[in-house]
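> Dropping a prediction and its sequence here:
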Amino acid sequence: MLDQAYSRRQFLGLAGGLASIVGLGLVGCGGSGASDAADKGSVAAAESVSGEVTYDGASSFQALVEAAAEKFMDANPDVSVSGSGNGSGKGLTAVAAGTVTIGNSDVFAETKLEADQVKNLVDHEVAVVGMGPVVSKNVTVDDLSLEQLKGIFSGQITNWKEVGGDDATIVVLNRKAGSGTRATFEAAVFGDEAVDFKGDAELDKSGDVQTQMGSTDNAISYLDFSHFDDSKFNAIKVEGVEPKSANVTDDSFKIWATEHMYCSKDADEATKAFLEFMLSDDVQGKLVEEQGFIPVSAMKVVKDASGKVSAK
Amino acid sequence: MAKQLPKRDLENVGLGVTGACVALVTLVVAALIFMVAQKGLSAFVKDGVSVVEFFTGTKWDLANTAENGLPYTGALPLIVTSFAVMVLSTLIALPIAIGSAIFAVEISPKFGSKIFQPLIELLTGIPSVVFGLIGFHVVVGLMKSVFHVSTGLGILPGAIVLAVMILPTMTTLSVDGLRAVPDGYRQGSLALGYTRWQTIWHVVLKSAMPSLMTAVILGMTRAFGETLAVRMVIGGIEAMPTSLLSPASTITTTLTTSMAVYAEGSAQDDVLWALGLLLMGMSLIFILIIHLIGRKGAKARG
């Protein structure tokens, strides 16, 4: 994962460098170039900014941030946006310590940092992601209650026949402890209860879960909606509700999380401009849904730091 | 014309530059050992993790805390898994490495140096993530269909992937070891009426023993420290392995997967550094053993 993140950072760095060179070239070309730049500028930020934006944190919506960063750098050639996805915890500590300008997180900063560190951070909710349980193709169960999920992922229910399926041992594929997907799933299923059941495997990435689910019988795991793949495994209903974005917006589907981007209160212009861009229609209207997320504006409910859901 | 430096000055410059290089390397090594030791020991000194618990406890769970407010830090399952993977992969790779080395040096030297050695060196250059990918998609699937297990992850696939990875190291070093045996030994043995097989077994292998041991231990060191490829096929469950095909986790895989999760300076972070310290201690021991063997070998040969 690290190697990948590093190469991405290098790639982004390179892309940023190239973008700024292209930008300079355009300005150098004179009149036509300047009007072109102004055209692009109007898409994102009213006036051009310059500087360096760095981020670290959750890998779950890193692709979204990267895609937005590319667009942002096209419009603002003097800004370089680069970063990596080393997990929500790392992102939050890094932004609190000032080593990056933006910390990406699947969870509220309050859950990972001390109160006086949180005070200096500004939260930007950029997207919502739904997550749901997935089962192997050979499993006949297509609906589980939160109570049943709790039993399976705490090791109390070990056979599919206990939840209305065939007589076969349940193979539980978990994600690693630092995973935001796992944190979200466990928060929805277990609440505040501590879980120390480990399952049959703890996998590193959502992609690994897809591969394993595709080739393992009698298995259950969980993935965010964008990683669902009907050809390899089945996404099942929870409490009778289909795992669909529309059902997340009114909280009838219970397992979802808000993606946060934190910056410090005294962040520089470039960072603020980039975060504004993340919340603008360019990103919220198109990019968010393209990447399989739900725009915050579409949500009819909000979730607070303690996990309580209330109507907007 | 540029004036040439006097010879004495040139010598001093050379001495300065090379000396600085040595000083830099020494400094880096010393600083590295100091930092890992300091961070690792602070888990025991500052956070109060029990050393006995660390080496003998069987419950490893950093996400939850016990009654004393500390996470569960029994690293024995990780240590056992690391050693199991290392020993098993060496057992798989060793006969193949020595067998092919004998063929390439004693039986068909021309094929050995022209074709076999470049081929083996090619294997060394393949990044470990590629081995991991192949392991994840091929070896794990093989385990599933051969042993009829549910996930196919565990120590055995890890050892198989590692065996392929340490094979080039062990083979190359074995080949070098066999080549270093003086030809006089072989000729003397043949002149005494030994067959080729007897010469290889009783003379060549015996006198190459120290280099072969070095090959084994360097292979084991690599197996012990390899992370990425193992991580993809081992299952990642930090619990005492109950069979070769039950998911487990080695010291290195636990380190890499947990590293990004915990904030710097927390007890969890310090315990991970302690794992790093343990790894470093192990490789120091391996290096020490290699030195001892080398010295003994030199003495035996006179």
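Looks like it arrived, so ask away.

> Run a quick neighbour tally on residue 161.
Since you didn't name a chain, this refers to chain A. If you count neighbours by other Cβ atoms under 10 Å in any protein chain shown, residue A:161 ends up with 12. Placement of C-beta: from N, CA and C, glycine included.

> that's the wrong chain, I meant chain B
Using other Cβ under 10 Å, residue B:161 has 27 neighbouring residues.

> Check the secondary structure at the closest residue to it other than its chain neighbours for me.
In this structure, residue B:161 finds its nearest non-sequential neighbour in residue B:135, 3.8 Å apart by Cβ to Cβ, 6 or more residues apart in numbering or on different chains. Secondary structure, DSSP: H, G, I helix; E, B strand; the rest coil: residue B:135 is helix.

> repeat for the one 4 residues further on
When the structure is split into helix, strand and coil by three-state DSSP, residue B:139 lands in helix.

> How about it: what's its closest non-neighbour residue?
Nearest one to residue B:139, counting by Cβ to Cβ, 6+ apart, is residue B:157 at 4.5 Å.

> what sits against the one you found?
B:135, B:139, B:140, B:142, B:143, B:233, B:234, B:245 (Cβ atoms under 8 Å, 6 or more residues apart in numbering or on different chains).

> follow-up on the earlier one: the residue nearest to residue B:161 touches residue B:229, doesn't it?
Yes - here residue B:135 reaches residue B:229: they are 6.1 Å apart, a contact under Cβ atoms under 8 Å.

> which of the two has more neighbours?
The residue with more neighbours, out of residue B:135 and residue B:229, is residue B:135; 27 against 24, by other Cβ under 10 Å.

> Mind listing the shared neighbours of residue B:135 and residue B:229?
Residues touching both residue B:135 and residue B:229 by Cβ under 8 Å, 6+ apart: residue B:161.

> Does the strand or helix carrying residue B:100 reach chain A?
For residue B:100, the enclosing helix or strand under DSSP states H and E is helix B:76-102. No - counting by Cβ under 8 Å from any Cβ of the partner chain, chain A is not contacted by helix B:76-102; separation bottoms out at 11.0 Å.

> quick one: the strands in the chain?
Going with chain A. Using DSSP state E, the strands found in chain A span residues A:51-57, A:79-84, A:102-105, A:121-136, A:143-144, A:171-175, A:201-203, A:219-224, A:233-235, A:237-238, A:256-264, A:301-303, A:309-311.

> The chain in question should be chain B.
Shown for chain B, the strands assigned by DSSP E span residues B:60-65, B:71-73.

> Residues contacting the last one, please?
Strand B:71-73 is touched from outside by B:43, B:49, B:53-54, B:57, B:59-66, B:267-268, B:271, with contacts defined as Cβ under 8 Å, 6+ apart.

> Quickly, which of the strands of chain B bottoms out on average pLDDT?
Ranked on mean pLDDT, the bottom entry among these is strand B:60-65, at a mean of 82.

> now it and helix B:76-102, what's the angle there?
The directions of strand B:60-65 and helix B:76-102 differ by 150 degrees, with axes from the mean of the first three to the mean of the last three Cα atoms, to 10 degrees as the criterion.

> Please point out which parts of strand B:60-65 sit buried.
By neighbour count on 16 or more other Cβ atoms under 10 Å in any protein chain shown, the buried set for strand B:60-65 is B:60, B:61, B:62, B:63.

> Cross-check those residues against chain A and keep the overlap.
B:61, B:62, B:63.

> could those residues go into a markdown table alongside distance to residue A:120?
Shown next, in a markdown table, are those (distance: Cβ to Cβ, whole Å):
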| residue | distance to residue A:120 |
| --- | --- |
| B:61 | 32 |
| B:62 | 27 |
| B:63 | 27 |
